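Colleague: below are the sequence and a predicted model; questions follow.
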Amino acid sequence: MKGDAFKSATVIKVLAFALLSIAFFYFGKHWSDGSQQLVFFNSRQDSASLTNPTNPSSQFVSISPNFNKSFDLSSIINDTTVSDKPLEKTPSVEVVLSPPPPPPSPPPAVQKMGVLDENGVMNDNFEVGEFDPEVVDNWGVGNETDVEEGDGVKRFRVKKFGLCPDSMREYIPCLDNVEAISKLKSTERGEKFERHCPEKGKGLNCLVPPPRGYRAPITWPKSRDEVWFSNVPHARLAEDKGGQNWILIDKDKFKFPGGGTQFIHGADQYLDQIEKMLPEIAFGRHVRVALDIGCGVASFGAYLLSRNVLTLSVAPKDVHENQIQFALERGVPAMVAAIATHRLLYPSQAFELIHCSRCRINWTRDDGILLLEVNRLLRAGGYFVWAAQPVYKHEAALEEQWEEMVNLTTRLCWNLVKKEGYIAIWQKPLNNSCYLSREEGTQPPLCDPHDDPDDVWYVDLKACITRLPEEGYGANITTWPSRLQYPPDRLQSIQVDSYLSRKELFNAESKFWKEIIESYVRAWHWKKLKLRNVMDMRAGFGGGKNNVLSIALFNRFAAAMIENQLDCWVLNVVSVSGKNTLPVIFDRGLLGVMHDWCEPFDTYPRTYDLLHANGLFSIEQKRCNMSTIMLEMDRILRPGGRAYIRDSVAVMDELQDIGKAMGWHVTVRDTSEGPHASYKILTGDKHLLRA
């Protein structure tokens with residue numbers, strides 16, 4: 001009887017449990033189907049709730065995570081997949097919530113990526129941005145470009161440019177145009193050494209090959225004293241000038257002892273003698289930019305570099321045609337140029353010192369027209385140093401030449417400040433007062449007031465004295481190195497289509513390029529690349545009104561290279577199609593030249609380690625074919641050298657196409673402004689190509 005009772009009680013408990021389970025299931029389904037939200041009390045209590053359980057503020061209430069949402073229960077049960085689309089919402093239920101969480105952190109401040117603020121006013125408080133190191137490490141992976149074309153993707157396949165004949169390995173198009181030179185009416189004034197460029201359609205259409213055995217150049221500063229014979233395989237200079245301590249052959253190298261025709265005991269001793277003769281010259285402070293005419297292998301300029309003097313060495317491509325090639329292979333600033341019938345491609349008052357040591361130039365011919373060109377180039381108060389036989393030899397013919405030189409320089413108002421041994425030094429006046437006080441009819445006359453002394457592209461020499469600016473522009477420069485950062489007076493003479501102050505533009509542009517170059521140095525490890533000969537191909541374009549890209553106007557690129565302590569020199573090329581900013585470039589203590597990139601440049605092949613072009617192609621594509629410029633870049637770039645082209649998106653595909661056709665390893669990347677910027681950067685690495 002007792003066992004039956006026990007069994008009855010157990011059955012009742014099981015039934016009760018089942019009924020309760022069904023009831024809970026029913027109510028749960030009812031609440032879910034009715035979109036009712038369950039409220040849960042937090043089981044955690046703080047000390048306040050323990051001491052005062054009636055305090056409403058001590059109660060912690062939270063709501064179900066499904067508050068204000070509806071779900072398809074059958075979907076949950078059968079498919080275990082929550083619908084992405086919630087059903088119709090019901091009004092929310094007011095509950096007492098715990099204190100709200102702290103507000104989110106404010107968004108990061110937006111970096112200003114330009115030099116104008118939101119009101120269009122010049123502002124120097126901006127950031128250029130950083131390069132992504134991971135992107136840079138993978139720079140150059142792949143050598144093909146995907147180009148969207150309709151709905152599909154087309155991969156460029158370009159027929160490569162062929163190699164030029166081996167006879168063209170030192171080809172300079174505008175100086176080696178035999179056909180044009182043969183048609184000249186006269187060559188007695190040196191016309192054959194000037195520019196005679198190929199006609200349109202007859203320009204370079206192949207890749208200039210290196211000499212056999214070419215190898216990577218010896219790096220600076222060791223290259224000042226020796227270069228590989230195989231890179232400039234010409235022994236004539238060593239044979240002709242070996243006894244004058246210019247150059248000699250030592251096994252597989254050329255060695256440069258530092259001597260010259262008039263300073264066979266070495267350039268350093270010669271420079272010490274000049275500075276001792278006239279301490280006011282103060283190499284590296286007062287004299288910062290110099291010109292060496294008829295430079296030989298440029299030892300004068302090479303040794304001045306250690307004294308903070310930037311010397312441009314020039315010589316014609318004459319019987320000793322490889323002088324400039326040797327200079328550039330050594331890592332010394334140099335250009336092929338001759339004073340003949342046209343102005344040199346540099347502005348007035350460019351150089352603090354002009355040097356001629358046995359340069360074989362008759363300065364007094366044609367009423368002194370060649371020395372008048374030197375006068376145009378010489379800065380007010382600058383020095384002309386002449387080391388030649390007429391200075392010290394007492395032969396009748398040479399004494400007559402000396403008297404003619406003294407007479408001409410006196411009429412130019414030059415002051416013979418020192419004559420010692422075989423060196424004579426003259427100084428140019430600081431203003432026009434001496435010129436205006438000469439007797440009427442004195443030759444040569446002053447140039448017409450409307451003559452522009454900075455107009456140099458295919459401009460004939462003029463037998464007149466260039467007037468100095470009445471405002472004193474060009475004479476009032478500061479000493480080096482402060483002049484690099486100081487806005488020069490001639491900044492005011494540059495015609496800029498801008499409502500902004502030129503000095504404000506100068507300062508903002510300085511900050512912009514400083515950060516750009518710092519980014520280049522960090523991202524591309526420029527200090528490890530051992531760059532030496534650098535060209536900025538677009539150093540002086542002006543833009544339209546309010547065009548901030550005209551920041552290149554005052555060429556901060558070269559200055560930023562100096563500030564980053566890169567052991568290189570920069571030749572700044574100002575285009576004939578832009579504003580002539582050459583005077584400002586030289587006033588800052590930098591080197592520049594006028595050029596038209598629709599024509600070849602006057603230098604030997606393989607003479608630059610780095611070419612930088614900012615906005616060059618988007619401007620010049622209106623005037624000439626982009627492949628013309630790219631082939632010229634390949635000609636003057638050393639194997640192993642690099643080109644950095646910063647330009648608009650519109651021209652990048654074609655530039656990349658041409659670069660690959662030349663055998664470059666090309667890559668296009670975003671600028672620091674991001675993927676939606678209107679500019680991109682193309683890098684081209686030139687490889688050594690052989691026939």
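Modeller: Great, that's in hand. Residues are numbered from 1 along each chain as shown.

Colleague: who are the neighbours in contact with the nearest residue to P488 once chain neighbours are set aside?
Modeller: Excluding the flanking residues, the one nearest P488 by C-beta to C-beta, 6 or more residues apart in numbering is D587, at 3.6 Å. In short, each C-beta sits where N, CA and C put it, glycine included. Contacts here follow C-beta atoms under 8 Å, 6 or more residues apart in numbering; on that basis D587 touches G474, I477, R483, P488, D489, R490.

Colleague: just A397 next, same as before
Modeller: A397 sits in contact with no residue, where contact means C-beta under 8 Å, 6+ apart.

Colleague: for it, give me the pLDDT.
Modeller: With respect to pLDDT, A397 scores 95.

Colleague: where does it land in three-state SS?
Modeller: helix (DSSP: H, G, I helix; E, B strand; the rest coil).

Colleague: against A387, how distant is it?
Modeller: Distance from A397 to A387, counting by C-beta to C-beta, to the nearest Å: 18 Å.

Colleague: likewise for S575?
Modeller: 36 Å.

Colleague: name the nearest residue to R532, ignoring sequence neighbours.
Modeller: Nearest non-adjacent residue to R532 (C-beta to C-beta, 6+ apart): G331, at 4.2 Å.

Colleague: pop out the phi and psi values for the one you found.
Modeller: phi 100, psi 30 (degrees, to the nearest 10).

Colleague: thinking it is in contact with E226, fair?
Modeller: No - counting by C-beta atoms under 8 Å, G331 stays clear of E226, with 11.3 Å between them.

Colleague: quick one: which of those two has more around it?
Modeller: G331 (27 against 15; other C-beta atoms under 10 Å).

Colleague: surely T409 touches Q427?
Modeller: No - counting by C-beta under 8 Å, T409 stays clear of Q427, with 10.0 Å between them.

Colleague: would you tell me which strand is longest in this protein?
Modeller: strand 637-648 (DSSP state E).

Colleague: ok now that one, how far from the chain's centre?
Modeller: 10 Å (C-alpha atoms, centre = their mean, to the nearest Å).

Colleague: sheet partners, orientation included, of that strand?
Modeller: Strand 637-648 pairs in its sheet with strand 608-614 (parallel), strand 679-685 (antiparallel), by DSSP bridges.

Colleague: restrict the last one to CA atoms and write it as CSV.
Modeller: Output of strand 679-685 as CSV, limited to C-alpha atoms (Å, rounded to 0.1, in the frame of the first residue of the first chain):
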residue,chain,number,x,y,z
TYR,A,679,48.4,64.0,-59.1
LYS,A,680,50.3,60.7,-59.0
ILE,A,681,54.0,59.8,-58.9
LEU,A,682,55.7,57.7,-61.5
THR,A,683,59.2,56.3,-60.8
GLY,A,684,61.4,54.9,-63.5
ASP,A,685,64.5,52.9,-62.9
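
Colleague: residues in contact with that strand?
Modeller: Contacts for strand 679-685 (C-beta under 8 Å, 6+ apart): 139-140, 524, 615, 640-649, 652, 655-656, 659, 664-671, 673.

Colleague: may I see the ChimeraX selection of the buried members of the residues you listed?
Modeller: A single ChimeraX command selects the buried members of those (16 or more other C-beta atoms under 10 Å):
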select :524,615,640,641,642,643,644,645,646,647,648,652,655,656,659,664,665,666,667,668,669,670,671
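
Colleague: tell me the confidence at the residue nearest to I562 when sequence neighbours are not counted?
Modeller: Nearest residue to I562 in three dimensions, chain neighbours excluded: L484, at 6.7 Å (C-beta to C-beta, 6+ apart). Looking at L484, its pLDDT stands at 88.

Colleague: L484 touches A559, doesn't it?
Modeller: Yes - L484 lies in contact with A559 (C-beta under 8 Å); the separation is 5.5 Å.

Colleague: now list whatever residues contact both of those two.
Modeller: Joint contacts of L484 and A559 (C-beta under 8 Å, 6+ apart) are R588, L590.

Colleague: may I have the strands that pair with the helix or strand hosting S313, each with its orientation?
Modeller: Assigned by DSSP states H and E, S313 belongs to strand 310-315. Strand 310-315 pairs in its sheet with strand 289-293 (parallel), strand 334-336 (parallel), by DSSP bridges.

Colleague: turn the ones you listed into TSV, columns for distance to I465.
Modeller: Conversion of the strands paired with strand 310-315 to TSV gives the following (distance: least, C-beta to C-beta, whole Å):
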stretch	distance to I465
strand 289-293	19
strand 334-336	25
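
Colleague: make TSV from these and add mean neighbour count, mean pLDDT and distance to Y604 to it.
Modeller: Formatted as TSV, the strands paired with strand 310-315 follow (neighbours: other C-beta atoms under 10 Å; pLDDT from 0 to 100; distance: least, C-beta to C-beta, whole Å):
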stretch	mean neighbour count	mean pLDDT	distance to Y604
strand 289-293	26	97	17
strand 334-336	26	97	7
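
Colleague: just give me the neighbour total for the residue nearest to E470 when sequence neighbours are not counted.
Modeller: With sequence-adjacent residues excluded and distances taken as C-beta to C-beta, 6+ apart, E470 is closest to N432, at 7.4 Å. Look at N432: counted by other C-beta under 10 Å, it has 16 neighbours.
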